[in-house]
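Enquirer: model this:
(2 chains)
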Amino acid sequence: MQTTFSLGTIDWTIILIYFIFVLGIGWALKKYMKDSSAFLEAGRSLPAWVTGLAFISANLGAIEMIGMAASGAKYGMMTVHFYFIGAIPAMIFLAIFMMPFYYGSKARSVPEYLKLRFDEKTRGFNAFAFAIMTVFSSGISMYALALLATVIMPLQIDWNILGLHIGEFDFYLMISAVIVLVYMVLGGLTSAIYNEVLQFFLIVVGFAPLVFIGLKEIGGWEGLRANLPENMMHSWKFTGSADANPLGVEWFAVIMGLGFVLSFGYWTTNFLVVQRAMAAGSMSAARKTPLIGALPKMFLPALVVIPGMIALALSNLGELDIPLKAGTDVQDFDKVIPVLLMRYMPMGVLGLGITALMASFMSGMAGNVSAFNTVFTFDIYQAYIRPDKSDKHYLKVGRWTTVVGVLVSILTAYVARSFNNVMDFLQLIFAFVNAPLFAAFLLGMFWKRTTGHAAFWGLIGGTISAAVHHGFTLPAGGSVGIKGGFFGLVNTYPSEMAQNFWTAIYAFSTALILTFVITLLTKKLKTDDDLKGLVYSLTPRIKDDSKYWYQKPQVMAIVIGAIAIVLSIIFW
Amino acid sequence: MGLDIKIPIGLMFTILGLILTILGLVTAGNTEMYEQALGYNINLFSGIIMLVFGCYMLFTSRLFKKKKSEE
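Expert: Residues are numbered from 1 along each chain as shown, chains lettered A, B, ... in the order given. This next block holds a predicted model:
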C-alpha cells in the first residue's frame, strides 16, 4: 500500500502560499506592537467573532486533529462527549458568570486574577504550573507536526551539524519552530489569534471534502451503522455500565469527570482559551466569545470524529488498511487522517488538506506560546524578578520570552516523542493541574469568605490527591509507570479515560473540601472593598449594551444550550 | 488591532480558490485523476466555495469600506 503522498507542484504552491500569509500577517502587525498590552493582550481590541473562533481554534491543535480522529476510530460517537457535555456547559458558564470577573477586573491573566482574589502564593503556584503545561503542550504540537511531516513527506536528510545528527524529524521540527517563532515575535498574541481564525476556516474547507467523499463511499450514516458495532454509534445509550461502551466509562463519570470537573477546569480556568476572550474589545464581546465559539464547536465532530469512524468502518469491510504501530499488530489510529487524505484527495485539495493540518499544528504551538508569554512576563517576571520596570522593558521581555518558549518547546517535543498516546497524556496533565483549580474558582467567585491560604492549600492538596489516585490505580492492561500504579495497586479501571475522569473527580473533591475547611479555620484578610469586581455577590450586575435582544449573552446561551440538547438527543 | 483580519483571510481564500477553480476546470473530464474522489471534481467544488468566501471576506473588510467612502 502507498504510504507516502506524492505532492504535485500545485500542492506545494498551496502550502507555500499559506506560509507566506502566516508570516505576512506577523509582518503587517509588527508596527502596531508598541506596548506590552498590544503584544501580550492584543490591545483588548478584537471583535467577538474573531476571539470566538480563536477560542475554539486554540484548542484545535494536535490534540483534536490527530487525537480526536483516533478517538473516533476507538470510541466512535462516544467521542462527541468531548464536544457537547465536555465543552458547551462550561463555555456557557464562562460567558454568563465568569467573564464579568475576568474582563471586568484589572487582571491581565488567570494567575493575576488569583492574586487579586486570593494572594501571591496562589498566583505563583498557578503561574508556574501553567507555564510548564503550556510549553509541554506546545512541544507536543511540534512533535506531532514533525512526526506527521516525516510520514507524509519523507525527505532523505542525514546531516551532521557539530556532531549532532539531524534527520528528517529534526528538520521539520526546526522549520515549524522557526516559522512560529518569527510570526509570534512580530505580532504577539494578535498574530496567534489571527492565525487561529485562518486555521479554523482552512480546517473547514480542507476537511469537509474528505468527510463528504468518505461518507459517500461508506454509504452515509446507514453505512457507518452497518459496519461498526452498535455501541460506537451512540453517545449516551451504552453508558449504563462502564463495560458496555468502548470508552469504558459510565454516565456518572462522563457527567462528573468530563462534563463537570475536566471541562470546567479546562474551558473556564485555562488561560490559553480564556486569554482569547480577554483580548476582546468590550465586556459584551468578551462574554460572547465563548458563546460564538460554542456554535462551531458542536459541529466540529463532523469534521474530526467522523473521519476516524469512516476509516474504521472501511477497515472492517476490508477496504482500507490502517497502518500498524511500529513493532506491534495494533492499528495506529493516529494515522487515520493522513491515510484518508491519501485515499480520497487528488492533487489540489490534497495540498489544501495538508495545509489545514499544518495550520492546526502550528497554531496549537503558537497558542500555547502566546499564553506562556503573557503568564511568564506578567506573573513570573514582573511579579518576582523585576517588578518596577518601564512598559518598554516588559515588551522586550515579552519578545524574548517568545524565543525562550519556543526553545523549551523544542526540548519538550523530544520528551513527548517517548509517549505514544498524546491525547491521554494531555488529559493526565489537565487532571493533575486543572481539576483542583476549578474548585478554587468556584468557591472564590461565589463565596466571599474563601481565603487565600485555603485556596492555595486546596490547590496543593488537590494536585497531590490527583497524583496519589493515579499512583494507586491502573487502566485495564496498563503496566506500572506513566499509566499509574506506582504506589501500589488498589483499583483497576476499564480504560485510561475512566481512570483520568476519576482522577479529576478525586482531585476536585479534595480541593473543594480542603478549601472549604481551611477557609473556616483561617482569617479573612481581604475586605469586601478589595473583592469588589472579583466576587459574584460584591459585583454590580452589568448591563449588556447589545443593540438587539437576540444579541444578549443570556439569549445566545439559551439558544446554544438548546442546540446542544437537541444534538445530544439525535445522537443518543 | 490596526489590521483587519478579513483582509488576509479574504486575500488568501480568493487566491487559493482561484487556483483550485482553474485546476478543477483544466482537469474537468480527467476521470483517472478524480477516480479516487469517487468521480467528483472536488477541486472545482472546493475552489468555487473558497472563492466565494474569499470575495465575501474582502468585500466586507475595512479595505472595501474605505474605498467606498472615498469615492
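
Enquirer: interface residues of chain A facing chain B?
Expert: A:10, A:13-14, A:17-18, A:21, A:24-25, A:28-29, A:31-32, A:38, A:42-43, A:45-46, A:50, A:190, A:194, A:197-198, A:201, A:205, A:209, A:212-213, A:216-217, A:343-349, A:352 (Cβ under 8 Å from any Cβ of the partner chain). Every residue, glycine included, has its C-beta placed from N, CA and C.

Enquirer: Can you pull up the most central residue in chain B?
Expert: Nearest to the mean C-alpha position of chain B, by Cα atoms, centre = their mean, lies B:Leu51 at 2.2 Å.

Enquirer: how far away is the residue nearest to that one when sequence neighbours are not counted from A:Lys335?
Expert: Nearest residue to B:Leu51 in three dimensions, chain neighbours excluded: B:Gly17, at 3.2 Å (Cβ to Cβ, 6 or more residues apart in numbering or on different chains). Distance, B:Gly17 to A:Lys335, by Cβ to Cβ, to the nearest Å: 29 Å.

Enquirer: of these two, who's got more company?
Expert: Set B:Gly17 next to A:Lys335 and count neighbours by other Cβ atoms under 10 Å in any protein chain shown: A:Lys335 wins out with 24 against 21.

Enquirer: Setting the sequence-adjacent residues aside, check what's closest to that one.
Expert: Here the residue nearest A:Lys335, using Cβ to Cβ, 6+ apart, is A:Pro323, at 5.1 Å.

Enquirer: One more: A:Ala302?
Expert: Distance criterion Cβ to Cβ, 6+ apart; nearest residue to A:Ala302, sequence neighbours excluded, is A:Val211 at 6.3 Å.

Enquirer: Run a quick neighbour tally on the one you found.
Expert: Neighbour tally, A:Val211, other Cβ under 10 Å: 18.

Enquirer: Please apply the same query to the one 5 residues further on.
Expert: Residues contacting A:Lys216 under the criterion other Cβ under 10 Å number 15.

Enquirer: For chain B, which residues are neighbours of chain A?
Expert: Counting by Cβ under 8 Å from any Cβ, chain B sits next to chain A at B:1-3, B:5, B:8-9, B:11-13, B:15-16, B:19-20, B:23-24, B:27, B:33-34, B:36-38, B:40, B:42-43, B:45-47, B:49-50, B:53.

Enquirer: Where do the strands of the chain begin and end?
Expert: Defaulting to chain A. A:159-161, A:164-166, A:473-475, A:491-493 (DSSP state E).

Enquirer: what about these, which gets the closest to A:Leu114?
Expert: strand A:473-475 (29.7 Å; Cβ to Cβ).

Enquirer: ok, and what's touching that closest one?
Expert: Contact with strand A:473-475 is made by A:248, A:480, A:483-485, A:489-496, A:498-499, A:502-503, as judged by Cβ atoms under 8 Å, 6 or more residues apart in numbering or on different chains.

Enquirer: what's the distance between the residue nearest to the centre of chain B and A:Phe207?
Expert: In this view, B:Leu51 and A:Phe207 are 18 Å apart by Cβ to Cβ.

Enquirer: Check A:Gly104 too.
Expert: 38 Å.

Enquirer: check contacts around the closest residue to A:Lys74 other than its chain neighbours.
Expert: Sequence neighbours aside, A:Phe333 is the residue nearest to A:Lys74 in space, at 6.0 Å (criterion: Cβ to Cβ, 6+ apart). Residues in contact with A:Phe333 (Cβ under 8 Å, 6+ apart) are A:69-71, A:73-74, A:308, A:311-312, A:322.

Enquirer: Grab the nearest non-local neighbour of A:Asp119.
Expert: That would be A:Gly452: by Cβ to Cβ, 6+ apart, it lies 3.3 Å from A:Asp119.

Enquirer: List the contacts of the one you found.
Expert: A:Gly452 neighbours (Cβ under 8 Å, 6+ apart): A:118-119, A:121-122, A:525-526.

Enquirer: Would you check that A:Leu512 makes contact with A:Leu459?
Expert: No: counting by Cβ atoms under 8 Å, A:Leu459 is not a contact partner of A:Leu512; they are 11.0 Å apart.

Enquirer: Counting neighbours, go ahead and name the busier of the two.
Expert: Between A:Leu512 and A:Leu459, counting by other Cβ under 10 Å, A:Leu459 is the more crowded of the two (26 against 19).

Enquirer: quick one: the more buried one and A:Ala127, what's the gap?
Expert: 12 Å.

Enquirer: try A:Asp243
Expert: Going from A:Asp243 to A:Ala127 by Cβ to Cβ gives 42 Å.

Enquirer: So which of these two has more stuff around it?
Expert: A:Ala127 (24 against 9).

Enquirer: pretty sure that one is touching A:Thr377, no?
Expert: No: checked against Cβ under 8 Å, the pair A:Ala127 and A:Thr377 is beyond contact range at 10.6 Å.

Enquirer: hang on, the earlier thing: quick one, which of the strands of chain A is packed in tightest?
Expert: The highest average neighbour count among those, using mean count of other Cβ atoms under 10 Å in any protein chain shown, belongs to strand A:473-475 at a mean of 22.

Enquirer: That strand pairs with which strands, and in what direction?
Expert: Strand pairing for strand A:473-475, using DSSP bridges, gives strand A:491-493 (parallel).

Enquirer: Excluding chain neighbours, what is closest to A:Asp89?
Expert: That one is not Asp; residue A:89 is Pro. A:Gly259 (6.5 Å).

Enquirer: Find me the pLDDT at the one you found, would you?
Expert: Residue-level confidence at A:Gly259 comes out at 82, pLDDT.

Enquirer: swap in A:Ala62?
Expert: On pLDDT, A:Ala62 comes in at 65.

Enquirer: and if you look at A:Thr3?
Expert: Listed pLDDT for A:Thr3 reads 50.

Enquirer: Repeat that for the one 3 residues further on.
Expert: Note on A:Ser6: pLDDT of 69.

Enquirer: In contact with the closest residue to chain B within the stretch 251-400 of chain A, which residues are there?
Expert: Here the stretch 251-400 of chain A gets closest to chain B at one residue, A:Gly348, 4.1 Å apart by Cβ to the nearest Cβ. Residues near A:Gly348 by Cβ under 8 Å, 6+ apart: A:8, A:10-11, A:14, B:19-20, B:23-24, B:27, B:42-43, B:46-47.

Enquirer: from the chain's centre, how far out does the helix ranked longest in chain A sit?
Expert: Counting by DSSP state H, the longest helix found in chain A is helix A:168-218. In this view, helix A:168-218 has its centroid 15 Å away from the chain centroid, taken as Cα atoms, centre = their mean, to the nearest Å.

Enquirer: what's the answer for stretch A:398-407, then?
Expert: On Cα atoms, centre = their mean, the centre of stretch A:398-407 falls 20 Å from that of its chain.

Enquirer: Could you do stretch A:284-297 as well?
Expert: Distance, centroid of stretch A:284-297 to centroid of chain: 16 Å (Cα atoms, centre = their mean).

Enquirer: Right, I'll call it a day here.
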